[in-house]
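Trainee: I would like the atomic coordinates for the input below:
(4 chains)
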Protein chains: 2
Amino acid sequence: MHEQPHHESMFQALADVQRRKILQILKHKEQSVAEIKTHFDFSGATLSHHLNVLKQADLVRVRREGQKRIYTLNLSVVEELLLMFNEMFKRGQND
Amino acid sequence: MHEQPHHESMFQALADVQRRKILQILKHKEQSVAEIKTHFDFSGATLSHHLNVLKQADLVRVRREGQKRIYTLNLSVVEELLLMFNEMFKRGQND
DNA sequence: TAGATAATTAGATGATAATCTAAATAAATG
DNA sequence: CATTTATTTAGATTATCATCTAATTATCTA
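Mentor: Okay, here's the model as predicted:
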């Protein structure tokens, strides 16, 4: 019944159009920060910030690979997000 | 492929916990502003603001009834939202 | 190990958003 | 028609957020 604190960070993360775009980009394939950066105009620091927000929300995962950090979409959490939405809005039994 | 401008306002609307709570409340039954207000501590002006944000995002609808305004959850848009999420994150054909 | 490359962290700034009080609008009612 | 009730609008304030530049950390390689 109560909303998990977890959800808060997810919704916050999804509220920004750039972050949603990052998720779209990662949907196709996992990518390093530099690769992701090619899709945007803002600074690396800003991208790093957005990636961190997505990571805190558990929407993406990171792993090291040499100097690079490879970000991947956390699909299981995305699934969870969909379930949550369904839960959030599904009709009751008497309507 | 491109995101509708519409979606922006939806995500913005959902980013606030109070607004999500309003949606929860309206899920059970349509309610006047005063009724909705019983669930919150903030001022009527603030509630009015939140309701307006939800309305702009088309997540709720309003109708007059005497002095009262009755807010209802716009379920068809919620459905649409779910479809959008599915679209946004569904796996491609080659994975 | 010095220099280059990859990314993050720190700190500042401007924009946006949540909230408040007070005033305005609109409908109902005595 | 003046007053009460319901809600919104206006304007101000404070907090949060997206973004920037500069500095830092970490890794690789010559």
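Trainee: For the rest of this, base every contact and every neighbour count on C-alpha atoms.
Mentor: Noted.
Trainee: Show me which residues of chain A sit near DNA strand D.
Mentor: Within chain A, the residues that sit near DNA strand D (Cα under 7 Å from any atom of the strand) are A:12-13, A:15-16, A:18, A:41-46, A:49-50, A:65-67.
Trainee: can you pick the most crowded of these?
Mentor: Counting neighbours by other Cα atoms under 10 Å in any protein chain shown, A:A13 comes out on top of the residues of chain A next to DNA strand D with 25 neighbours.
Trainee: Was I right to think that one contacts A:L54?
Mentor: Yes. Using Cα atoms under 8 Å, A:A13 is in contact with A:L54, at 5.8 Å.
Trainee: Can you check which residues contact both of these two?
Mentor: A:R19 (Cα atoms under 8 Å, 6 or more residues apart in numbering or on different chains).
Trainee: would A:R64 count as being in a strand?
Mentor: Yes. Under DSSP: H, G, I helix; E, B strand; the rest coil, A:R64 falls within a strand.
Trainee: Now, the residues of chain A next to DNA strand D that are in helices?
Mentor: A:12-13, A:18, A:44-46, A:49-50 (DSSP state H).
Trainee: show me what contacts A:Q18?
Mentor: A:H50.
Trainee: List the contacts of A:E8.
Mentor: Applying Cα under 8 Å, 6+ apart, the residues contacting A:E8 are B:15, B:17.
Trainee: what do you get for the one 4 residues further on?
Mentor: For A:Q12, the contacting residues are B:15-16, by Cα under 8 Å, 6+ apart.
Trainee: The one 3 residues further on too?
Mentor: Taking Cα under 8 Å, 6+ apart as the criterion, A:A15 is in contact with B:8, B:11-12, B:14-15.
Trainee: A:F85 too?
Mentor: Contacts of A:F85 (Cα under 8 Å, 6+ apart): B:L82.
Trainee: Which secondary structure element is home to the residue nearest to A:N86 when sequence neighbours are not counted?
Mentor: Distances taken as Cα to Cα, 6 or more residues apart in numbering or on different chains put B:L82 closest to A:N86, at 7.4 Å, once the chain neighbours are dropped. Take DSSP states H and E as the rule and B:L82 turns out to sit in helix B:75-89.
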